[in-house]
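*Asks:* compute the structure for the input listed below.
(4 chains)
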Number of protein chains: 2
Amino acid sequence: MTTSKIKNMVDFAAVSGISRPTLSKYFNDAESVRPSTRSKIEAALEQHDYRPNIYAINQNRRRTRNIGLVVPNLTDPFFAAIARTIEGLILEAGYNPLLLSSHGGPEQEISNLDSLRSIKPAGVLLAPLGRASNADAVAAFAEEIPTVLFDANLEGVEAAFFGSDNTQSIGLIVDYLCRTGEPPVFFEMETPINPNALRRRHAYQTSMERLGFEPAFVRVPGEGWDFEEIGSREGAKMLASKTRQTNTILCSNDRLAIGLLSAAFEADIKVGLGADSPLRIAGHDDHPFAKYTCPSLTTISQDYTSIGARSVAAILAMADAPDDNLPPENALFEGRLVMRGSA
Amino acid sequence: MTTSKIKNMVDFAAVSGISRPTLSKYFNDAESVRPSTRSKIEAALEQHDYRPNIYAINQNRRRTRNIGLVVPNLTDPFFAAIARTIEGLILEAGYNPLLLSSHGGPEQEISNLDSLRSIKPAGVLLAPLGRASNADAVAAFAEEIPTVLFDANLEGVEAAFFGSDNTQSIGLIVDYLCRTGEPPVFFEMETPINPNALRRRHAYQTSMERLGFEPAFVRVPGEGWDFEEIGSREGAKMLASKTRQTNTILCSNDRLAIGLLSAAFEADIKVGLGADSPLRIAGHDDHPFAKYTCPSLTTISQDYTSIGARSVAAILAMADAPDDNLPPENALFEGRLVMRGSA
DNA sequence: ACAAAAAGTTTTCACGCGTAAAGTTTTTAT
DNA sequence: ATAAAAACTTTACGCGTGAAAACTTTTTGT
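*Replies:* Residues are numbered from 1 along each chain as shown, chains lettered A, B, ... in the order given. Predicted coordinates for the structure are as follows:
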């Protein structure tokens, strides 16, 4: 690398012997120039270490190559994992992912969308907060900027959506639990903040009715995203009350189940599928830690490889053809039963 | 909001009745204009919904208001939590955080720094991969752009650093374990990928020697970031071998401990500090889930509130005075012993 | 070898805002 | 009320790139 200071594309054109517009073409798509000039340019790049100013580029482009990725809560390992998967896919496609978390709640979600707006992204992948989301604001955003929803759908928002089929997955695990023991009660939060919770509630109810059992709910108070804490605290109360109508508990999600398992351990109640276990506990999501709970957690694994892949494919399609008015795609993917020790 | 389309600051100057340079001042610092004009501008903003083009802004500014934040692995809840804390502090200071994860390894770390370079950030907060990091590349980056390292220091990189005092924290928990039972063996990975692992190894050794005990190590094979998996798999082997010289195991980090706890559960070995427990297990980091393991995990809580606050303060100071050549700050913060059920 | 097609060059304009200088108006201090 | 200071307006230029048009050179196909 020489000491010469290449400040802009004009300077680099001078040292590389290639005209600036051709360089511009090259940086936009290296394949669009002749191999002989491409190698000249790349040789010059090795020597002079120039890179186009990203702000100047994006000021003039109609669409940038940024793709926004908004998840409800990066502190939740489930969303961290799916975000990582999707980030990889975006990078592979030659786009630049921008990861944002709405942990702060609906205001943060809107503020994230506002930040993305000013970045003029080619598209946005949004896993909304769900019930708490400001659906109108999201709808307005989706009209302005190509948007794909994933993980949780939002009524009144006209956008592509890819997520899990909660009816199928909850049905699957309810079926399994009923076949292998007593029918489950559904352990959930009174006013859940996380998406899909209400869909799962409903799916549990219909599954139980389909199988001819009486649905039963344990709805516990609690605010925010501290599901383990809520599961543990309220689970301890429930277990202490000793008035269980069944020995099987299906939790609305794995994090509640993790808390509940710790409460059972503290209360010295053995959990598991064996005949000697007075309690069975199952969850939903296949949380990264579900394999390491005591006992390991029987749960539903969401197919977020497919969800991620389809979501990215859809947003890229929209980015490439921004003004075709096809109806928004959507698809639900089936969950897979993961049988472990807890139920 | 009217239907008029405000495309740029000139248009907005027309509808607001304020000159464009004054608007420019306002958007850079709302306090820098007279209250009367400020309210005029804000009234117009309510009606016309204009926002400056962020690319045009940054093209001309000497320093942007972006601050990069790079962590080794966002999938690790420990880093997710600290990232969230720091993001909040950056936002409070009126800067724009850009969160990146180096999960992919050293190449990803360098690629993250490259992305940040082209963004011309006011500063970068980097939690390096540690041993695996390309120290030369990081050093070159730090010379070019104001950089603060946190969580793990890097030899040969001249930059501010804030992290935990592993010598103190490991000393603290070794001391505790020795006072309350048998001295611990140190359970760790042979070739750990995560930062601080070697420092903790060394801290354990010196602590034991200080107390007059013989250090003992269990070093297990395994690659990558799947610490729970490694702790569980290798822990199961260790527990099966039945040749323990002590009943107390100190794990290099909580995630290994979580895996080890699950292995102990599977092997039906009771873990805890009581006299009836044949095994004690302790960790380090106060992982978000350490409270919900079975039994709950005795560990060290890192003071990452202080680490985050000092790191952000330092990067903001560097951003405000980019060319003063003060020696880089650094400080180590003490860990706090969190006594729970496992030891 | 020749015409046609592809690729590259030159020239020119556009983008939206930062910033500086000089002149004007408003506010503040006495 | 008046001078000084502060804030604002007008004018003008610069930033580094995208993009289009017209022209020239190189490559491709027959």
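
*Asks:* now do the strands in the stretch 151-300 of chain A.
*Replies:* Across the stretch 151-300 of chain A, reading from the start of the chain, the strands by DSSP state E, counting those that start in this stretch fall at A:160-164, A:185-189, A:217-220, A:248-251, A:280-282, A:299-301.

*Asks:* I meant the stretch 1-150 of chain A, not that one.
*Replies:* A:66-71, A:96-101, A:123-126, A:147-150.

*Asks:* circling back: switch the strands of the stretch 151-300 of chain A over to a markdown table; also include distance to DNA strand D, mean neighbour count and mean pLDDT.
*Replies:* C-beta coordinates here come from the backbone N, C-alpha and C atoms, glycine included. As requested, the strands of the stretch 151-300 of chain A are arranged in a markdown table below (distance: least, Cβ to the nearest atom of the strand, whole Å; neighbours: other Cβ atoms under 10 Å in any protein chain shown; pLDDT from 0 to 100):
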| stretch | distance to DNA strand D | mean neighbour count | mean pLDDT |
| --- | --- | --- | --- |
| strand A:160-164 | 25 | 25 | 96 |
| strand A:185-189 | 49 | 22 | 96 |
| strand A:217-220 | 54 | 16 | 96 |
| strand A:248-251 | 51 | 27 | 97 |
| strand A:280-282 | 53 | 28 | 97 |
| strand A:299-301 | 43 | 25 | 98 |
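
*Asks:* how about the residues of chain A by DNA strand D?
*Replies:* Applying Cβ under 7 Å from any atom of the strand, one finds that chain A approaches DNA strand D through A:7-10, A:20-21, A:24, A:27-28, A:34, A:36, A:52-53, A:56-57, A:59-62.

*Asks:* please list which of those residues are also close to DNA strand C.
*Replies:* Among the residues of chain A next to DNA strand D, the ones lying close to DNA strand C by the criterion of Cβ under 7 Å from any atom of the strand are A:20-21, A:34, A:36, A:59-60.

*Asks:* only whichever of the residues you listed are buried, select them in ChimeraX.
*Replies:* Under the burial definition 16 or more other Cβ atoms under 10 Å in any protein chain shown, those of these that qualify are selected in ChimeraX by:
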select /A:59
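
*Asks:* which of the ones next to DNA strand C among the residues of chain A next to DNA strand D sits closest to B:Ala313?
*Replies:* A:Gln59 (32.8 Å; Cβ to Cβ).

*Asks:* hang on, that closest one packs against B:Ile54?
*Replies:* No - using Cβ atoms under 8 Å as the test, A:Gln59 is too far from B:Ile54 to be in contact (9.2 Å).

*Asks:* which stretch among the strands of the stretch 1-150 of chain A comes nearest chain B?
*Replies:* Chain B lies closest, by Cβ to the nearest Cβ, to one member of the strands of the stretch 1-150 of chain A: strand A:96-101, at 5.8 Å.

*Asks:* for that closest one, C-alpha coordinates in PDB please.
*Replies:* This file holds the C-alpha atoms of strand A:96-101, laid out as PDB (Å, rounded to 0.1, in the frame of the first residue of the first chain):
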ATOM      1  CA  ASN A  96     -26.200  -5.300   4.400                       C
ATOM      2  CA  PRO A  97     -28.300  -6.300   7.400                       C
ATOM      3  CA  LEU A  98     -29.100  -3.800  10.100                       C
ATOM      4  CA  LEU A  99     -30.200  -5.400  13.300                       C
ATOM      5  CA  LEU A 100     -32.500  -3.600  15.700                       C
ATOM      6  CA  SER A 101     -34.300  -4.800  18.800                       C
END
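
*Asks:* quick one: it to chain centroid distance?
*Replies:* Averaging C-alpha coordinates over strand A:96-101 and over its chain gives two centres that are 12 Å apart (Cα atoms, centre = their mean, to the nearest Å).

*Asks:* that strand - contacts with which helices or strands?
*Replies:* Of the remaining helices and strands, those touching strand A:96-101 by 3 or more Cβ pairs under 8 Å, 6 or more residues apart in numbering or on different chains; DSSP states H and E are strand A:66-71, helix A:77-92, helix A:106-119, strand B:96-101.

*Asks:* contacting residues around it?
*Replies:* Under the contact criterion Cβ atoms under 8 Å, 6 or more residues apart in numbering or on different chains, strand A:96-101 has outside partners A:64-75, A:79, A:83, A:86-87, A:90-91, A:108, A:112, A:115-116, A:119, A:121, B:74, B:84, B:98-100, B:115.

*Asks:* next one: stretch A:10-23
*Replies:* Outside of stretch A:10-23, the residues that reach it under the criterion Cβ under 8 Å, 6+ apart are A:4-6, A:9, A:26, A:33, A:37, A:40-41, A:44-45, A:47-48, A:50.

*Asks:* ok, now with 7 Å
*Replies:* Contacts of stretch A:10-23 with the rest of the structure, by Cβ atoms under 7 Å, 6 or more residues apart in numbering or on different chains, involve A:4, A:6, A:9, A:33, A:37, A:40-41, A:44, A:48, A:50.

*Asks:* follow-up on the earlier one: winner for burial among the strands of the stretch 1-150 of chain A?
*Replies:* strand A:123-126 (a mean of 30; mean count of other Cβ atoms under 10 Å in any protein chain shown).

*Asks:* that strand pairs with which strands, parallel or anti?
*Replies:* With DSSP bridges as the criterion, the sheet partners recorded for strand A:123-126 are strand A:66-71 (parallel), strand A:147-150 (parallel).

*Asks:* those: which one's closest to DNA strand C?
*Replies:* DNA strand C sits nearest to strand A:66-71 of all the strands paired with strand A:123-126, at 16.6 Å, using Cβ to the nearest atom of the strand.

*Asks:* that closest one vs strand A:96-101, what angle?
*Replies:* Between the direction of strand A:66-71 and that of strand A:96-101, the angle (axes from the mean of the first three to the mean of the last three Cα atoms, to 10 degrees) works out to 20 degrees.

*Asks:* look at the closest residue to A:Ile54 other than its chain neighbours and report its pLDDT.
*Replies:* With Cβ to Cβ, 6 or more residues apart in numbering or on different chains as the criterion, A:Ile54 has its nearest non-adjacent residue at 4.8 Å, and that residue is B:Ser118. In the predicted model, B:Ser118 carries a pLDDT score of 86.

*Asks:* swap in the one 4 residues further on?
*Replies:* Here, the pLDDT recorded for B:Ala122 equals 92.

*Asks:* didn't it look like it was pressed against B:Gly68?
*Replies:* No - counting by Cβ atoms under 7 Å, no contact exists between B:Ala122 and B:Gly68, whose distance comes to 9.0 Å.

*Asks:* as CSV, could you dump the C-alpha coordinates of stretch A:266-273?
*Replies:* Provided in CSV are the C-alpha atoms of stretch A:266-273 (Å, rounded to 0.1, in the frame of the first residue of the first chain):
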residue,chain,number,x,y,z
GLU,A,266,-37.0,-26.0,44.6
ALA,A,267,-40.3,-27.6,45.8
ASP,A,268,-38.6,-30.9,45.5
ILE,A,269,-41.1,-32.2,43.0
LYS,A,270,-39.7,-34.6,40.5
VAL,A,271,-40.5,-33.8,36.9
GLY,A,272,-40.5,-36.3,34.1
LEU,A,273,-42.4,-38.7,32.0
